[in-house]
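**Q** With the sequence up front, the predicted model follows.
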Amino acid sequence: MKTLATVILFAGAALAQDVRCDFQEYKPQDGLKAEMAGGALQVSWRGERGDQLRASFTIRGGVPTIAELAIRKGGNWTVLARNLAPEFQVTSGVRRLSEQQMAPLRQLGIALTPEVIEREKWNAFWDAPLMVPGAPKTNLDLPRRPEEIRRAWAEFHSSACQARTDGARLEITFPGLSMGIFSGRLQYTIYRDSNLVRQEAIAMTTEPSVAYKYVAGVKGLAIDPATRIAWRDTARSWQQYRFGGSVNQEPVALRARNRLAIVETGGGSLAFLPPSHKFFFAREIETNLGYVYYRKDSDNSFAAGVRQADREESYRPFGISDAEWDKTAREARHDINNFALYNAPPRTWQRMPVYLYLSAADARSTADQVLAYTHDDRYQAVPGFKVLVSHFHMHWNEHASDEGTLDNQPSWLQVFRGLGVNMAILADFHSDAHPNDPGPIRFAEQKVYFDACERFSDRDFLLIPGEEPDAKLGGHYITFLPRPVYWSHVRNASQQFDETDPKYGKVYHIGNAAEELDMIRKEGGLVWQAHPRTKGSTGYPDAIRDSAHFLSDRFLGGSYQSLPVDQSQKRLCEERCLGLLDDMNNWGAGPKYMIAEGDTYMKWPDDETFPQLIVNYVKLDRVPAYKEDWTPLAKAMRAGDYFVSSGEVLLRKWAIEGTGPKRTFSADVDWTWPPEFVELVWGDGKKTDRQVLSQTELAAFANHTYKIPFETAGKKWVRFGAWDSAGNGAFTQPVELK
């Protein structure tokens, strides 16, 4: 095959430009082939379930164009689409430091220098760069100005392409993409043994303080009598649009279940979807804002793809009494000031993907095929493990009290059960109830909280009445006690640290940090930093690394959630979360871990919760009953006997084999999306290093047992992680090397 080829393509009656396609990094292989044919770059590959797939690419007027997408299943080829042009749009605003971050920094005496602001603003949660002028006192340097918001559709000025082999995938790249303040290239990725095609803009900006969102799709989809776009609505009913209406001026957002829209062509289907987790930035609720779209451009053609909304929407308030309704309505309303978008630090390559899925089936069967990549948006059961989630502000005691009954099943309970969750640690007494009451009011509220959690726990589901105080430790933190314990955050002069209450039995009144830690020790509980290094815990746990709390084995570590999202990074919460995990273990205070948490509020079954949640798989044979002691869970967590997962990458087992200076880390990993890499990470007490092993030669829906040899010299701890091509992943907790 020639290393350079010139392609002349006729698209309709228009003559395409000459194209130079570079094959120097291309290696032909069984089941994945690229060649110049019929005046186009043609790719053929082996898909799922015996499917044969074909795509051809050219350039028309400087615009990279998918000349054809086709599928063959047993018989003749079926063309799914022709002459599709990529479309991308970026909407950007200004990233600002939040008052929520500045308050703890001031309390710690940390001056808000330009260097501190520059570092901390990239971890902002309370920021809504597209909300003009912005809510008072939420961010630095308000009000926002309309001219800060810039919108730009991509323009293409391509004259060449490159075909590059990477393991079992082929990357086809077209330079010459510009999109307002961003510029870069367009890339298509074909995966052998998968029906997925990834189309993405890979672009950077040199401007400071950029926060952005994007639209990604294709235009030029043909309308004929058999064409329709189908999706499941939030109630899981199938809907369709057959393009009989007038032309659209803007993309039509579909509030589609599972973030999935499917174009039926008569002979097959073409599905559109975003990455299942990395597409989503942190929010306080999971309201479905419509993540896929269509746009009828003429009577003959339309566009489809993925998108993010401009703003948050409040969740539905709840409450029987006016007081409860008004309170939840105010809290729901404040969420609109929190819609942070993605980070784009200067000169970082931001990746903005959309996935196309080729299918020979109808929309419903295609949906089943696509949802296999996320286990039908459910956390799959793994033998020997139970799924734990944590940190949810449901105001359960207030809700149950307002209802006047403990037998009213809350909507969020159905959400957890539907996701395959086995154990949920709630976090009442944060912005609700009376956390600072010394006992009489608080203990009565705790009684309702405990009884309500017991009422809806069962043989394979446990509701744990946890709490998020911001009382004694510094920053915000989660307390988990392995049984219902009555305790107050304050102690009056007449009260003892622990005493017997005639109604509630043994109770604690906490007067200082030492007493809080003493209670946690006596009860066999655990504590960890909520949202470390951001929000109300900005500066923590760094500021307390020498405290008795942190040095205690009762201090588990910090919470893990996908905050912030920087599309130039390959891992979820790469710097803030995983960076902290490694830092804590280098500090030498004993093993510290990351606990996946939600830190979200009310949930409804029509929310899109799965892509915005990360979970813990804890080594337990069974779920403890509510009336039992929950110590088995506490012990498993304290031992690090769990892994964190977005759900698409699972660890069946892992271990360190051997006892001498040369050992082996073994791990059995399941993947759904095509894998990207595994890594062994270690620290020497001062710095962190890693060995990264590319896994691009593996196909989707793979299982692999890894044996990674390593030497213990210069290593105090090690951990293992596995990440897929869509940014999903799983990782173990660090293990100290003795």
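**A** Happy to help now that I have it. Note that the coordinates shown come from a computational prediction; the quantities given were computed from them, not determined experimentally.
**Q** can you count the residues close to residue 490?
**A** Taking other CB atoms under 10 Å as the neighbour definition, residue 490 ends up with a count of 16. In this view, the C-beta of every residue, glycine as well, is placed from N, C-alpha and C.
**Q** and the gap between residue 339 and residue 305?
**A** Note on residue 339: its distance to residue 305, by CB to CB, to the nearest Å, is 20 Å.
**Q** what's the answer for residue 507, then?
**A** Shown here: residue 507 relative to residue 305, a distance of 57 Å by CB to CB.
**Q** what about these two, which has more around it?
**A** When residue 507 is set against residue 305 and neighbours are counted by other CB under 10 Å, the residue ahead is residue 305, at 28 against 21.
**Q** Need the phi and psi values for that one.
**A** phi 170, psi -150 (degrees, to the nearest 10).
**Q** I'd assumed residue 214 was in contact with it.
**A** No - counting by CB atoms under 8 Å, no contact exists between residue 305 and residue 214, whose distance comes to 9.9 Å.
**Q** Grab the most central residue of this structure for me.
**A** In the chain, the C-alpha closest to the average C-alpha coordinate belongs to residue 277, at a distance of 3.7 Å (CA atoms, centre = their mean).
**Q** ok, for it, nearest residue in space, not its chain neighbours?
**A** residue 646 (4.6 Å; CB to CB, 6 or more residues apart in numbering).
**Q** what about that neighbour, neighbour count?
**A** Residue 646 has 26 neighbouring residues, counting by other CB under 10 Å.
**Q** Tell me, how many residues neighbour residue 582?
**A** Neighbour count of residue 582, defined by other CB under 10 Å: 21.
**Q** which residues touch it?
**A** Taking CB atoms under 8 Å, 6 or more residues apart in numbering, we find residue 582 in contact with 681, 683, 688, 734.
**Q** Please dump these into JSON lines; it should also carry pLDDT and neighbour count for every row.
**A** JSON lines is the format used below for the contacts of residue 582 (pLDDT from 0 to 100; neighbours: other CB atoms under 10 Å):
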{"residue": "681", "pLDDT": "98", "neighbour count": "21"}
{"residue": "683", "pLDDT": "98", "neighbour count": "24"}
{"residue": "688", "pLDDT": "98", "neighbour count": "17"}
{"residue": "734", "pLDDT": "98", "neighbour count": "25"}
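**Q** biggest separation within those residues, which pair?
**A** Across the contacts of residue 582, the two members that end up farthest from each other (CB to CB) are 688 and 734, 10.3 Å apart.
**Q** now the strands for the stretch 451-600 of the chain?
**A** 462-464, 477-480, 486-488, 498-501, 505-509, 526-529, 555-560, 593-596 (DSSP state E, counting those that start in this stretch).
**Q** repeat for the stretch 151-300 of the chain
**A** 155-156, 160-166, 169-179, 182-191, 196-204, 210-222, 228-232, 238-241, 252-254, 261-264, 269-273, 292-296.
**Q** just checking, what packs against the shortest one?
**A** Spelled out, it's strand 155-156. Here strand 155-156 touches strand 169-179, going by 3 or more CB pairs under 8 Å, 6 or more residues apart in numbering; DSSP states H and E.
**Q** Strand partners (parallel or antiparallel) of the strand it packs on?
**A** Sheet neighbours of strand 169-179, with direction, are listed as strand 155-156 (antiparallel), strand 160-166 (antiparallel), strand 182-191 (antiparallel) (DSSP bridges).
**Q** which one of those strands is the most hemmed in?
**A** When the strands paired with strand 169-179 are scored by mean count of other CB atoms under 10 Å, the highest mean neighbour count falls to strand 182-191 (a mean of 22).
**Q** what angle sits between that strand and strand 210-222?
**A** Using axes from the mean of the first three to the mean of the last three CA atoms, to 10 degrees, the direction of strand 182-191 lies 50 degrees away from that of strand 210-222.
**Q** Dump the strands paired with strand 169-179 to CSV, plus distance to residue 91 and mean pLDDT.
**A** Rendered in CSV, the data for the strands paired with strand 169-179 read as follows (distance: least, CB to CB, whole Å; pLDDT from 0 to 100):
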stretch, distance to residue 91, mean pLDDT
strand 155-156, 16, 98
strand 160-166, 28, 96
strand 182-191, 11, 98
